[in-house]
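Asks: When you get a sec, could you give me coordinates for this:
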Amino acid sequence: MRVLFNFTGRKPHLRSLFVLFESARSSAFWPISRCSRPNDSFADFQKLLLDHFFFIVSSRVEISQNLYSLSTPKFPLTITKTLSYVGNSAHCLTSVLENPDVKEPYATCMTQTVLVDPKSRRPISYPEWWRDKYESSVTSNTPLHIPKLKRPANSICFPHAVYFGDTDSYRHTNWTAYVRFCYDACMDAVWREQYSKLKFSDSENGVKSFEIAFTKESSIGDQIDVHSWEEASPNDKPVCFEILKGNDVCCQAKMTFHNEPLPD
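Replies: Below is the predicted model:
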């Protein structure tokens with residue numbers, strides 16, 4: 001699977017990395033004939049999706065600086081998925097991006113999803129048979145929690161439109177597109193020197209983490225406003241985001257960069 005890199009050829013675009021993780025996640029929905037269990041989907045997701053939807057509510061990715069190094073091998077890459085949390089109507093899938101010759105994972109992505117009734121479009125409890133089968137096998141008892149942010153009055157606004165290429169099969173904005181909206185808003189503000197702390201040289205160190213929580217949807221043709229601001233931190237230089245469609249908050253996010261320059 002291809003990962004698109006930026007103009008330097010060393011740093012994958014942040015959205016491309018999320019798309020890679022999302023492709024691995026969605027592939028678990030269906031049986032894969034060449035796998036060890038050719039008739040089964042991961043965690044029986046296929047059975048759940050016969051009469052339900054999945055809706056992503058939050059995600060967090062942590063990226064090692066080794067991913068940006070020219071000296072580390074990028075082929076082959078593997079993604080290992082584990083069911084890390086099961087709640088009443090939510091589960092969390094943890095995906096780890098690795099190369100077999102590198103000890104430290106290149107990136108780890110946690111994605112929390114709720115089961116949704118297709119008629120009411122509201123969260124619904126998992127079937128009892130599914131919880132009985134998988135609740136005891138999870139690797140953690142803790143859900144992915146992303147604290148709510150409070151946008152200041154002096155945030156920087158980056159207007160954006162939702163285009164066809166940003167949408168899914170329902171013409172709603174694909175959740176990975178919001179990652180690009182945030183990154184573009186940040187880099188635009190960096191380029192215009194609108195932040196007091198974060199500079200272009202900091203962004204050259206590579207993204208260290210990105211987390212996002214969703215509350216509302218947007219669709220093709222919508223006009224959205226991407227607000228960003230710096231958050232006080234003794235170590236990192238976090239940038240926070242809030243994306244609005246009119247007065248509705250679609251999502252909030254936070255991004256940090258590595259502190260040290262790339263070694264090569």
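
Asks: three-state assignment of the nearest residue to residue 140 once chain neighbours are set aside?
Replies: Spatially, and ignoring its direct neighbours in sequence, residue 140 is nearest to residue 84 (4.8 Å; C-beta to C-beta, 6 or more residues apart in numbering). For glycine as for every other residue, the C-beta is placed from the backbone atoms N, C-alpha and C. Recorded secondary structure, residue 84: strand (DSSP: H, G, I helix; E, B strand; the rest coil).

Asks: Residue 238 is in contact with residue 149, correct?
Replies: No - assessed by C-beta atoms under 8 Å, residue 149 is found out of contact with residue 238, at 10.1 Å.

Asks: got any residues that touch both of those two?
Replies: Overlap between the contact sets of residue 149 and residue 238, as judged by C-beta atoms under 8 Å, 6 or more residues apart in numbering, is given by residue 254.

Asks: And the residue lying closest to residue 124 once chain neighbours are set aside, its phi and psi?
Replies: Take residue 124 and drop its neighbours on the chain: the residue closest to it by C-beta to C-beta, 6+ apart is residue 117, 4.5 Å away. Backbone torsions of residue 117, given as degrees, to the nearest 10, read phi -70, psi 130.

Asks: which non-adjacent residue is nearest residue 173?
Replies: Spatial nearest neighbour of residue 173, excluding adjacent residues (C-beta to C-beta, 6+ apart): residue 218 at 4.6 Å.

Asks: For that neighbour, which residues are in contact?
Replies: 162, 172, 173, 224, 243, 245, 250.

Asks: Tell me where the model's unsure across the stretch 51-200 of the chain.
Replies: Within the stretch 51-200 of the chain, no range satisfies pLDDT under 70.

Asks: change it to 80
Replies: Filtered on pLDDT under 80, the stretch 51-200 of the chain yields the residue ranges 169-170.

Asks: if we can go back for a sec, which one of the contacts of residue 218 sits in the busiest neighbourhood?
Replies: In terms of neighbour count, residue 243 stands highest of the contacts of residue 218 at 27 neighbours, by other C-beta atoms under 10 Å.

Asks: Okay, and that residue sits in which element?
Replies: strand 239-245 (DSSP states H and E).

Asks: Determine how far that strand lies from the middle of the whole chain.
Replies: 15 Å (C-alpha atoms, centre = their mean, to the nearest Å).

Asks: just checking, what packs against it?
Replies: For strand 239-245, the packing partners by 3 or more C-beta pairs under 8 Å, 6 or more residues apart in numbering; DSSP states H and E come out as helix 175-191, strand 223-230, strand 248-257.

Asks: residues of the shortest one that come out buried?
Replies: By neighbour count on 16 or more other C-beta atoms under 10 Å, the buried set for strand 223-230 is 224, 225, 226, 227, 228, 229, 230.
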